[in-house]
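Colleague: Mind folding the following:
(chains A and B)
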Amino acid sequence: MVVVLVSGIIAIPILAVASRVGADTGGLWRHLASTVLSEYLRNTLWLVLGVGVSTVVLGVATAWAVTLCRFPGRSFFRWALLLPLAMPTYLSAYAYTDLLQFSGPVQSSLRSLFDWSRGDYYFPEIRSLYGAVIVLSLALSPYVYLAARAAFVEQSVCVLEVSRTLGHGPWSSFFRVALPLARPSVAVGLSLVLMETLAEFGAVDYFAVDTFATGIYRTFTMPDDHALTAAAQLAACLLLLVAVLVAAEAWSRRAARFHHTTIRHRELPSWRLSGLRGWLTSLICVVPILLGFGVPAAVFVVESWRAGDPRLDSLWHLGLRSLVLGIMAGVLALALALAVAFGRRLRPTPLSRSLARVAGIGYAIPGVVIAIGVLIPLVWLDRSLSGWSEVLFGSGLILSGSLVAVLYGYQVRFLALALGVIRTGLARIGPSIDGAARTLGRPALGMLTSVHLPMLRGSAAAAAALVFVEVIKELPATLILRPFDFDTLAVRVYQLASDERLSEASTGALAVILVGLVPVVALSHVLDRARPMGPIVSGPIEPAESEEQSEERPDGSSER
Amino acid sequence: MSRNVLMVSDVVHAYRADEVLQGVSITVAPGEVHCLLGPSGSGKSTLLRLIAGLETLRHGSIEIDDDVVSSASIHVPPERRAIGFVFQDFALFPHLNVRRNVLFGMPSGSARQRRETADALLRNVGMRDFATAMPHTLSGGQQQRVALVRALARRPSVMLLDEPFSGLDGRLREEVREPTLEVLRAAKVATLMVTHDPHEAMAVADRISILRAGRILQSGTPTELYEQPRSREAAQIFGRVNSWAGTVQVGIVRTPWGAVEVPGLDDDAAVEILVRPEAIQVEAAPSGAGTESLATVDAVVPEGALSRLVLRFDDGSIFEALDFAHAGWRSEQAVVVSVPREAVTVVPAV
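Modeller: Residues are numbered from 1 along each chain as shown, chains lettered A, B, ... in the order given. The predicted structure follows:
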């Protein structure tokens, strides 16, 4: 019942966007189609292609090096390679623009060094499609790194050793055994990267690279009666791209599900890379960390040190507001996720399973699309309620353009995160715990509150925190859904940067980065315990030869 | 002792494709330990879950204390059944200490009284000193005892044990077994225990039901099942057995060691003769003896105190016998074989 309700609430915006496909836009859609649509499509596809290729190369190479080679700084790189996750792409874009633009420190020093003036030299333009590809690749490669690393760690060492004894060197073993085995995981990481790329708003907007995401926002802000409908139709196009991506990901998961034929895990071999080769590997690992996190972070530190935000009290106010908003969204997402996950646990029917999947689909949908999708039903509701609400509240717009809309948008987009964490936590609680609680006299609901909830404390905190952090960083949905004149930390940074007032934006940017660091630090702790483990609850159970488990999976496979 | 507290009648249930119960009936009396013996996938765990109310029954009925708790139309939720359940992995709540685990299912009462009862129960199994320990700090055997006490604290009429010893190492398993069953018998609960280990079933059960592919193959006391198996399949579960296929001719079946009387069976009925190896008596053949029931020792396989003899009869058939190692049998030795009639089981041929 709860599952039906929540998944319905989550699905409405997506259905709303789809429902506007054939609607009349008074010629606006035709105008868009003939002018900008092809450019949106071209830019989006180039972006997807460029970011896809470079994140895979970067992510897989660093994951392999860190997992299976020994070289200077390896244990530092293992977690530091996650640092770019803390740097929102739009902040990275601002920092690099500041650094590399004509009046920026790099070009200025070059000019004074060589006595050049404008036009004397060629300097690549960072505010371009290529710049966007580079910034996005640096920021998103940790997703592939994480997935590939998990795959390499899980691979049985035996297959690598067999490959070596069959006459293949380390390189050949990598390409012929390790990489093909890791492919399903890498594909999952890559699909995350591409979803983020399709959803990307802040950086491409700042670089003036017109993609679907920025186009939707621009169309929405047009002073036209049909702006919302036309934006919804653009959003539907983007939704189609997302759907293709989701389908491709599902297909690659199915097509390439390898089973490990041996479950023997031993200490991973580490090929010692000595001398030059070792330092070269270190360099390869240092570059994404430095460019993806170090440099932009340094820019903001220096800028905020030199000037910073002159209106600190109002920044403080915005920070507090973001904090409250993030906590509200995090707690709400936690409550909904618990409701859905518990509902599924109590009645694991095929229907509740697929509905729970619907509740988790939002993370694949770009923030702009969700924002448009949330607005459509809320505006409609407002219109139908306007008579009442004007009487009651003295205003016709109580839902759209209110905190309700913002929180709704956050739930649609981020519920999947909370749900994922809660479901993983719940999956670790074996079914016999349920049986024990029930046979010890607890009805279903009492069992969940007295047993499962206390056992899920850690997961619950993580779920709420994850949503909190994402909300602090979120830009496009907040921009569209926020009440008039309602700024958050991220919106303020965006607006200052758009006005080329980067040094003022730097203090807020630093705050956003610091918040973003929290999950990265937590993740790096988890990473070190990532080798396959026995049951969490207690050790001595293990020698049970898992008779009941083999009943669960008749083929005895170890599907991960 | 006569009244059954647990009555399972004609239960038909499909859990997953491979776990199907096809008309299972079982009864357990107070203080009795009834073992449900079967390989994985035979449906034995499903039956426990049905009795506990963790699964909904579609056909048949389950009665506890003379009340129907499960049938096609009735489903009493698990929390309202007078049962205790000890799971294979013990399923102690990891966020509660030992005492709180025991208190979890205990009937309401004053806090002090409940606590005293819990501690008394823990003392019974030597776990009083661990009352404030967290489950993950306990050994497997200790966890098992806590799980048992926790289930008993509800004063159930029926105790369900799902492979309660399989999580423990070999020697520990045997050490834990006896005290566990003593506690259960002392509490006068009707115990239904699921296991896939025939030796364990033999060692602990008052009665055993063999479950194969969703049906009860045979029920009875351990001695009955061992000595009077109803089929070769049932016989083989508890150890090696020799079998001889033959047909009835005027009330007897001819076997390599002589005629076996089978009064009351029709002529030409196909039967199987089953003999346990230790029931075969072997003597050194006196020189010049007749050819009747004469065999040759093909091989002697030492098994510690006993030796397994592989016997070959003149018609080429092979039988196994068991004798003390110090009897000193050698290969190629000629022997006379005899089998007492009461050690022979005759079952219809499959």
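Colleague: Looking from chain A, tell me which residue of chain B is nearest.
Modeller: Residue of chain B nearest chain A, by Cβ to the nearest Cβ: B:Gly105 (2.9 Å). C-beta: built from backbone N, CA, C; applies to glycine.
Colleague: Burial check on that residue, number of neighbours?
Modeller: 23 (other Cβ atoms under 10 Å in any protein chain shown).
Colleague: what about it, distance to B:Val149?
Modeller: Noted for B:Gly105: a distance of 11 Å to B:Val149, by Cβ to Cβ, to the nearest Å.
Colleague: same thing with B:Val339?
Modeller: From B:Val339 across to B:Val149, the span is 49 Å (Cβ to Cβ).
Colleague: Equivalent analysis for B:Tyr15, please.
Modeller: With Cβ to Cβ as the criterion, B:Tyr15 and B:Val149 are 29 Å apart.
Colleague: Those two: which has the busier surroundings?
Modeller: More neighbours surround B:Val149 than the other of B:Tyr15 and B:Val149, with 23 against 17 (other Cβ under 10 Å).
Colleague: I'd say that one and B:Leu122 touch.
Modeller: Yes. If you go by Cβ atoms under 8 Å, B:Val149 and B:Leu122 touch, sitting 5.9 Å apart.
Colleague: anything in contact with each of the two?
Modeller: Here B:Val149 and B:Leu122 have B:Val102 as joint contacts, going by Cβ atoms under 8 Å, 6 or more residues apart in numbering or on different chains.
Colleague: How about the contacts made by the closest residue to B:Pro302 other than its chain neighbours?
Modeller: Computed as Cβ to Cβ, 6 or more residues apart in numbering or on different chains, the closest residue to B:Pro302 that is not its neighbour in sequence is B:Ala325, at 6.2 Å. Contact analysis of B:Ala325 by Cβ under 8 Å, 6+ apart lists B:302-307.
Colleague: Please apply the same query to B:Ile216.
Modeller: B:24-26, B:209-210.
Colleague: go again using 10 Å as the cut-off
Modeller: B:8, B:21-26, B:36, B:38, B:209-210 (Cβ atoms under 10 Å, 6 or more residues apart in numbering or on different chains).
Colleague: Point out where the stretch 101-250 of chain B drops to low pLDDT.
Modeller: For the stretch 101-250 of chain B, not a single residue meets the criterion pLDDT under 70.
Colleague: For it, which residues are neighbours of chain A?
Modeller: B:101-108, B:134-144, B:147, B:150-151, B:153-154, B:156, B:160, B:162-163, B:166-170, B:172, B:196 (Cβ under 10 Å from any Cβ of the partner chain).
Colleague: are any of those residues buried, and which?
Modeller: B:101-106, B:134-135, B:138, B:140-144, B:147, B:150-151, B:153-154, B:156, B:160, B:162-163, B:166-168, B:172, B:196 (16 or more other Cβ atoms under 10 Å in any protein chain shown).
Colleague: Go through the helix or strand that contains A:Ala461 and flag the buried ones.
Modeller: Following DSSP states H and E, one finds A:Ala461 within helix A:457-473. Neighbour counts using 16+ other Cβ under 10 Å place A:459-460, A:462-473 of helix A:457-473 among the buried residues.
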